[in-house]
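Trainee: here you go, sequence then predicted model.
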Amino acid sequence: MTQMDVTNTTETPTALGRPIRRKEDARLLHGQTNWTDNIQLPGTLHMAILRSPMAHARITKLDVSGALKMPNVVAAYGAAELGDLNGSVPCVWPVTDDIVMPGFPALAIDKVRHVGDCVAVVLATDAVHAADALEAIEVDYEPLPAVVNMESAIADGSTIVHDDKGTNTCYVYNLGGGYDEVAAKADVIVKRRFINQRLIPAFMEPRAVVAAPMGMSDEITIWTSTQIPHILRVLLALVTGIPENNLRVVAPDVGGGFGGKLQCYREEILVTQLARKLGRPVKWTETRSEDMVATHHGRDQIQDIEIAATSDGKMLGLKVTLLANMGAYLQIITPGVPLLGMFMYPAIYKMDAYDFKCTGVFTNTTPTDAYRGAGRPEATYAIERIVDELAAELGMEPMELRKKNWITHEEFPFTTVAGLTYDTGNYEAATARAMELFDYDGLRAEQAQRRASGDPVQLGIGISTFTEMCGLAPSRTLGALKYVAGGWEHCTVRLLPTGKVEVVTGTSPHGQGHETAWSQIASSVLGVPVEDIEVIHSDTGRSPYGMDTYGSRSLAVGGQAIKKAADRLVEKAKVIAAHQLECSPEDIEFVEGVFRVKGDPEKVQPLAAVAFEAFTGHNLPPGVEPTLSAEATVDPEDFSYPHGTHLAAMEVDTETGKVTLRKYVCVDDVGVQVNPMIVEGQVHGGLAQGIAQAMFEGASYDEDGNLQTASFADYLLPSAMDLPSFITDTTCTPSTTHPLGTKGVGEAGAIASTPAIINGVVDALRPLGVTDINMPAAPMTVWRAIQAAKAGGAA
Amino acid sequence: MIPVAFDYVRPSTVDEAVAALVAGGEDAKVMVGGQSLMPVLRLRLGAPSLIVDCSRIDEMIGIREEGDSIVIGAGTTHHAVMNNDLVKRYVTLLAQATATVADPQIRHRGTMGGSLAHADPAGDLPAVAAALDATFTIAGPGGRRTVAASDFFVDYFTTAVGDDEVLASVSFPKREGWGSHYEKFNRTAQAWAIVGVAAAVRMEGGRIAEARIGLTNVGTTPIRARSVEAALVGAADAAAIAAASESAADGTAPTTDIHADAEYRSHLTRVLTKRAVQKAAGM
Amino acid sequence: MHISVTVDGTAYQADVEPRTLLVHWLREGIGKVGTVVGCDTSNCGSCTVLLDGRSVKSCSVLAVQADGSSVTTIQGLSDGNEWHPVQTAFKECHGLQCGYCTPGMVMSTVDLLSENPNPTEAEIREGLEGNLCRCTGYHNIVKSVALAADLMGGSTK
């Protein structure tokens, strides 16, 4: 296990690479956090939402007048009453020219299309009366057949979710080619169908929005629990018609997101519109029950995977055919999520051909969108599972098969069959370290012994040698994929007269610790102590430019911008320092926060003194303007490609089907680390979510479209009792396309861990004839697979 | 998250509580720790007109020895029950099972009587009460009456406690020296039991002389596995226990839900009965 | 209904509807917004406070039931910006990320260590069963509790 340095380490200014304790923690640990729901403005109206209990129905009657008669109720609206203010939730990633893009009104018009669809809203002077008044709204539904299953949805004669569109097929996307030719030459072809089940992000802070006209101007300020205040501002302007310059979006402390708060939600549109219409603050905080049906879901793909290889284990080609569940509507990047995985199916392996086809499908379910990893966990699961199946088919040790086919460290940069160019990597080193930490050979020996003795608790070893593309993203790449925004990031560094520093970033942290890590980057350039640096973020009024936080982009892209802006600031300061020191800027060096004349140790000027000079402007060189700040906008050269090797020791109780994670080792290569403590924490959290997909979580619908896992009582998040401590380590192969050498880390654990767990479960049971386990590996699922295998049927 | 409006009274005696229930009519509801009722209220799955808070009735709180029995006030918290020396010594199975109920915070508020009167088929304590032949003292307008465990659990979420009655206490026969174990099987630690088995055995000379087994969540009420109890008498090794446990699912009527179907629950009942008894017997 | 409740050392008098949850009264009635709501099914434990010294989920207690009692929230654990050893340990071990579960996690830890000053890792995990965290995977939370035990004079087994 990597040991954290347990002393506080802020005393020296050169902070890069140190496990500095987080600046954020003082307020978080003292209950002084500023969650959106904490905001209580005078005159606030509390909004409550009547949601559809039906998955698909015609609204034959909607009468909100009863609610208006309830105490303390100021207004109530259905779609008819809302009229033109009923904006359509935007989708910014129309992946194909002929994509079917249905409207998504914030309040349903005539029809509801998933359980949780918004039907009406009530605004009252307090949340209690708003909740009570919902019961006075009269609504009649004419139930329509619901379509939940993707294969049913695209079959002839299916109920159509958007009948004006005439189809449930949202789009069909193709990439690659040539698989059939290589498959014709293959000795072995393995085909599997994997189900990457639907998940619910389940961030701990429920969503909340407050919008208020602020009185001093036409500005409306929107505080919302979002990952994307900057993007949201643009979208709200486009959707509501409120001029962008009159919108200020603030993400206060945000309690987790995991992609679930990467969205322009209908509730954000409604609260904004109603605050404008009513001229007073409007607030909405969701209950967890609302969250489960109305926050977008993640994953939900049916993956038909085919891999072709020679008899000695050389991979020849891969064919991927996906059905991707869009849910009832398209949200911000719903259609694009599978495409983020599209490039990753070939993963770390060399092969000659790759065919990809994805069909997006509408169903009467909650819309899907990004959830930690967004497309890449699905891809990684499929490839790492099929590699294990290929190894079994070939009779090869699964790690040996991987070694035979992966890109070796001498081969970088390497352009994959999917068209990505991986800049660096060292799969051998990470794997060797992981196997050592895991005691791979020892556990294989124990496994053999348990198999031989017929132990009712069998042991399996699960492998996942993953890579991912993150650090979203080069703008030109996004453009080529029809994403309508860029992937750059912005930073302003300001030196204040007293020598303190403001770092204004366009990233929008929601728990990661950017305030600390970004301070470390700025500190390493400016030589200013970490505690003298303030990171300003998540407020379009204070940090006007940004592309926010998702896709493990904040360090990989935003971190570069900080470095570049800080470097520029030093260059400007150097000119002033040279003037003060009466020499040429070329004769000056900047070391640990002090400008020095080369070769003359007596002639020094601290950065703070330069800052004060820039403030007074008394003695600046000709042509140099007062104030000292610098900006940089960085558009990354390429994605970053973290990788790693994850190993799971799984115990399977063959009598009950209960699966236990006994030991988990991962060695990740995320390049250069700014703060290894934060990196390790990101890995832990990602592991927990990826492991939870494999073992515990899964959103399920009944055939009528009712979400059966609509609370934490049924959607099973792991507690501390359900997970072990992890053994983590890192290797460092610096990224060559990112100036700091960093890669992303936010999603790595969630991407890598899921197949490691299931490979381990299947490995434990393979001697019994089991060849697959659907996720989550719930005890009954595993027990049934064992029974089926014993009976000679397919598992 | 916001309950419907209701009235609230906090009686200080059982008689006052009964009077409040009588006055409140059929929509009056008893609350003690409230750990089963509060989620119902928050989700508006129930809308009582009156809450009769019995959490501060001295008579309903505490654990005492009465002859051959341990009497536990219905309003005694799980936390108090599982840490009580009398319970640990004489009603060990109850202490063990109570430690698996929910989580520490809920055990600080939630009460033994509340769990039993709630009668959730997936609750852990009803099977224990059934296995140990607990006796329930119920107070109503007509005075006190006692009901055997076999008659207390009537149906899904339904007990012998009437709308105008309060469960006052529960009495457990002392069984010192018995081996016992509660085997709870769930998907995550927070999840309800898919199946649970409460087992207590009295050993004589290395053999099981007497066995008591209650089953959780394989019917609308807790179920005694009487055929297994009979078959276990004389069992002296793990294999004999396994053989006796084969009939554990007989007479059960498990349901199907998203976590487990009836067939799997029946299978688990057999496996977990074997394990619970083996652990109780130390074999 | 009238209630008298001491919260973080301050004696409050208030009139509340019987249906008011303790957590809602804390947050909206007296502005103790350090205690938060994360679910509606008693699972998440984000709202954990000490009620007469024992951890409870304040969403699962009516404000009227707290009448006459003493409540300690995350905001009353230490004086102002002082650091309770549990707070120190969570920072030191990076036992929090977004911080939303943290008030509940910290209060549960205080309760756990008051009952068991020397917990094993398994006992720590059992003691935190009623608190969900989505960020940390619990790894560093468990380490935080162990360090807190050390700082408070216990020693983890």
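Mentor: Good, I have the coordinates.

Trainee: what about the residue most central in space within chain C, which helix or strand?
Mentor: Note on chain C: the residue nearest the mean C-alpha position is C:Met107, at 2.6 Å, using CA atoms, centre = their mean. Using DSSP states H and E, the secondary-structure element containing C:Met107 is helix C:102-115.

Trainee: contacts only, for the residue nearest to the centre of chain C.
Mentor: C:Thr48, C:Val49, C:Leu50, C:Ser55, C:Thr72, C:Thr73, C:Ile74, C:Leu77 (CB atoms under 8 Å, 6 or more residues apart in numbering or on different chains). Every C-beta, even on glycine, is put in place using the N, C-alpha and C of the backbone.

Trainee: what sits closest to the third one if chain neighbours are left out?
Mentor: If the residues on either side of it in the chain are set aside, C:Leu50 comes closest to C:Thr72, at 4.1 Å by CB to CB, 6 or more residues apart in numbering or on different chains.

Trainee: interface residues of the stretch 1-150 of chain B facing chain A?
Mentor: B:Met1, B:Ile2, B:Val4, B:Ala5, B:Leu43 (CB under 8 Å from any CB of the partner chain).

Trainee: make TSV out of these and add neighbour count.
Mentor: Putting the residues of the stretch 1-150 of chain B next to chain A into TSV (neighbours: other CB atoms under 10 Å in any protein chain shown) gives the following:
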residue	neighbour count
B:Met1	22
B:Ile2	22
B:Val4	14
B:Ala5	12
B:Leu43	16
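
Trainee: inside helices: which ones of those?
Mentor: Among the residues of the stretch 1-150 of chain B next to chain A, none falls in helices (DSSP state H).

Trainee: which of those are close to chain C?
Mentor: Near chain C, by the rule CB under 8 Å from any CB, you find B:Met1, B:Ile2, B:Val4, B:Ala5, B:Leu43 out of those.

Trainee: gap between the first one and C:Val23?
Mentor: Think B:Met1. 9 Å (CB to CB, to the nearest Å).

Trainee: identify the contacts common to the two.
Mentor: Taking CB under 8 Å, 6+ apart as the criterion, B:Met1 and C:Val23 both touch C:Val37, C:Cys59.

Trainee: quickly list the domain ranges of chain A.
Mentor: A:37-144+A:206-254+A:261-294, A:298-472+A:638-790, A:488-634 (automatic domain parsing).

Trainee: most packed of those?
Mentor: domain A:298-472+A:638-790 (a mean of 23; mean count of other CB atoms under 10 Å in any protein chain shown).

Trainee: picking that back up, can you redo the domains of chain A as JSON lines with mean pLDDT?
Mentor: Putting the domains of chain A into JSON lines (pLDDT from 0 to 100) gives the following:
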{"stretch": "domain A:37-144+A:206-254+A:261-294", "mean pLDDT": "97"}
{"stretch": "domain A:298-472+A:638-790", "mean pLDDT": "97"}
{"stretch": "domain A:488-634", "mean pLDDT": "95"}
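
Trainee: so which of these comes closest to chain B?
Mentor: The minimum distance between chain B and the domains of chain A falls on domain A:298-472+A:638-790, with 3.7 Å, by CB to the nearest CB.

Trainee: hmm, the closest one touching chain B?
Mentor: Yes: using CB under 8 Å from any CB, we find that domain A:298-472+A:638-790 touches chain B at A:655-656, A:658, A:696, A:700, A:708-709, A:712-714, A:716-719, A:721-722, A:778-780, A:783-784.

Trainee: and chain B, which residues reach chain C?
Mentor: So chain B meets chain C at B:1-8, B:10, B:34-35, B:38-39, B:41-43, B:51, B:53, B:55, B:79, B:102-106, B:108-109, B:189-190 (CB under 8 Å from any CB).

Trainee: farthest pair within the residues of the stretch 1-150 of chain B next to chain A?
Mentor: B:Ala5 and B:Leu43 (15.5 Å; CB to CB).

Trainee: give me the secondary structure label for the closest residue to chain C within the stretch 601-750 of chain A.
Mentor: In the stretch 601-750 of chain A, no residue comes nearer to chain C than A:Ala688, which is 3.3 Å away by CB to the nearest CB. Under DSSP: H, G, I helix; E, B strand; the rest coil, the three-state class of A:Ala688 is helix.

Trainee: pairing partners for the helix or strand A:Lys357 falls within, with directions?
Mentor: Counting by DSSP H and E, the element that carries A:Lys357 is strand A:353-362. Applying DSSP bridges, strand A:353-362 is found paired with strand A:169-177 (antiparallel), strand A:315-327 (parallel).

Trainee: what are the contacting residues of the shortest one?
Mentor: With contact meaning CB under 8 Å, 6+ apart, strand A:169-177 is reached by A:95-96, A:98-100, A:154, A:326, A:330, A:335, A:338-339, A:342, A:353-362, A:417-418.

Trainee: excluding chain neighbours, what is closest to the closest residue to chain B within chain C?
Mentor: Ranking the residues of chain C by distance to chain B (CB to the nearest CB) places C:Gly130 first, at 2.8 Å. Nearest residue to C:Gly130 in three dimensions, chain neighbours excluded: B:Asp103, at 2.8 Å (CB to CB, 6+ apart).

Trainee: what's the pLDDT at the one you found?
Mentor: B:Asp103 carries a pLDDT score of 98 in this model.

Trainee: what's the answer for C:Ser155, then?
Mentor: For C:Ser155, pLDDT reads 61.

Trainee: okay, now residue 153: neighbour count?
Mentor: Unless you meant another one, I'm taking chain A. 23 (other CB atoms under 10 Å in any protein chain shown).

Trainee: um, chain C though
Mentor: Number of residues near C:Gly153 (other CB under 10 Å) recorded here: 10.

Trainee: tell me if it really is in a helix.
Mentor: No: counting by three-state DSSP, C:Gly153 falls outside a helix, being coil.

Trainee: ok, it to A:Ala76 distance?
Mentor: 58 Å.

Trainee: is it true that B:Ala209 touches B:Met203?
Mentor: Yes: counting by CB atoms under 8 Å, B:Ala209 touches B:Met203, with 6.4 Å between them.
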